[in-house]
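*Asks:* Structure for the following, please:
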Amino acid sequence: GGVSGEHEGSRRMKTELLVQMDGLAKSSDLVFLLAASNLPWELDMAMLRRLEKRILVDLPTQEARLAMIRSHLPEVVMQPPLQILSEIDYPTIAKMTDGYSGSDIKLLCKEAAMRPVRKVFDKLECLELGQGTLENVNIDPVTTEDVLEALKRTKPSASTLADKYKEWQSQFESV
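*Replies:* Numbering: from 1, shown residues only. As a prediction, this is how the structure comes out:
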C-alpha cells in the first residue's frame, strides 16, 4: 500500500496516467481531455495541477429533473405488441426529487415502472394456479402513486455530500 493505504495497482495506474498527461502537455497536437469524478476531493494534488479547468457540475435543477423524469417515464412507450402509458404529475415529482442526482432519478423511474409489471407477474401467478383468465392480464399505466411509492424506497445518494462538494468547489474550482 501507499501513503494513504492506496492499492499498489491503483498507484501504478495513476502514475502511468500522470506520465501520459505530461506527455500530452509537451505534444504539439491539440488534445482535449475530459475527466469526471463523483469524489473530486479524493483526487491528489498532482492530478489537480494537471487539470487546468475544474468545474463542479451540481445536482440537477428542478427543470432538469422534470426533463429527466419525462424522458425515463414518457407518457406513451410503444413496443409492439405492448403500449405502456404513464399518468404522472411530472412537475410535482420534479419538486419532490430535490437533492437527487441523475442516476438517482433513473433508478427512481425504473422502480416506479416496475410496479405495474409486478402486478402482471402477480396475475400470471394466479393464472398458473388456475385462478383468473388471460384476458384480464394487461400492463397498467405508471402512475404518480407508483412514483410516490418508489420515492419511499429510493433515497438521494449525493445530497448528504452537498457540503463537501461546495467546500471542494470553493477550494479548487477553476472556470
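*Asks:* Helices of this protein, residue ranges please.
*Replies:* 8-26, 45-50, 62-72, 90-96, 102-128, 144-153, 162-172 (DSSP state H).
*Asks:* Can you check which of these gets nearest to Pro80?
*Replies:* Across the helices of the chain, Pro80 has its closest neighbour in helix 102-128 (17.0 Å, CB to CB). C-betas here are computed from N, CA, C, even on glycine.
*Asks:* what packs against that closest one?
*Replies:* helix 62-72, strand 142-143, helix 144-153 (3 or more CB pairs under 8 Å, 6 or more residues apart in numbering; DSSP states H and E).
*Asks:* Just name the most buried of those.
*Replies:* Greatest average neighbour count among these goes to strand 142-143 (a mean of 21), per mean count of other CB atoms under 10 Å.
*Asks:* and that one, how far out from the chain's middle?
*Replies:* Centroid separation between strand 142-143 and its chain, computed with CA atoms, centre = their mean, to the nearest Å, is 21 Å.
*Asks:* which residues sit against that strand?
*Replies:* Residues outside strand 142-143 that contact it (CB atoms under 8 Å, 6 or more residues apart in numbering): 73, 84-88, 112-113, 115-116.
*Asks:* Apply 6 Å and report the result again.
*Replies:* 73, 86-87, 112-113, 116 (CB atoms under 6 Å, 6 or more residues apart in numbering).
*Asks:* Repeat that for stretch 47-66.
*Replies:* The contact list for stretch 47-66, computed with CB under 6 Å, 6+ apart, reads 21, 90, 94, 97, 101-102, 169, 172-175.
*Asks:* on that earlier part again, let me know which of the helices of the chain is the nearest to Gln79.
*Replies:* For Gln79, the closest of those is helix 102-128, at 12.3 Å, according to CB to CB.
*Asks:* related to what we said a few turns ago, using pLDDT, spot the least trustworthy of the contacts of stretch 47-66.
*Replies:* Among the contacts of stretch 47-66, Val175 has the lowest pLDDT, at 74.
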